[in-house]
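Trainee: Got a predicted model here, sequence first, then my questions.
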Amino acid sequence: MGYAYILDHCGGCGIAFTFNPAKVPSLNNVAFCHYCVTRANEQRKAKGLAPHPIHPEAYEACTEEELRT
């Protein structure tokens, strides 16, 4: 069994980062880094809105099987 990271640029700040494509927070297939999601969640909390969930494995390597789904 192998593992893989996806490398792309964050849809918010443009910084390159690695992530698990099946678990990373995204909008219209555009992934967002942990910093940008955390910052957005702080802004949402201040407005009384629910935060976007961040999966614990969103920024970890994914398995080969996850890439096939």
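Mentor: Arrived safely, thanks for sending. Since this is a predicted model, take the numbers as computed values, not measurements. Residues are numbered from 1 along each chain as shown.
Trainee: Do a quick rundown of the helices in this structure.
Mentor: All helices of the chain, identified by DSSP state H, fall at 34-46, 64-68.
Trainee: for this protein, what spans make up the strands?
Mentor: 3-4, 6-9, 16-19, 26-27, 30-31, 62-63 (DSSP state E).
Trainee: Tell me which of those strands lies nearest to residue 50.
Mentor: Closest approach to residue 50 among the strands of the chain (Cβ to Cβ): strand 26-27, 15.4 Å. The C-beta positions use only the backbone N, C-alpha and C, and glycine is treated the same way.
Trainee: okay if I get the strands of the chain as CSV plus mean neighbour count and distance to residue 40?
Mentor: Shown next, in CSV, are the strands of the chain (neighbours: other Cβ atoms under 10 Å; distance: least, Cβ to Cβ, whole Å):
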stretch, mean neighbour count, distance to residue 40
strand 3-4, 13, 26
strand 6-9, 13, 17
strand 16-19, 17, 15
strand 26-27, 13, 10
strand 30-31, 18, 13
strand 62-63, 17, 23
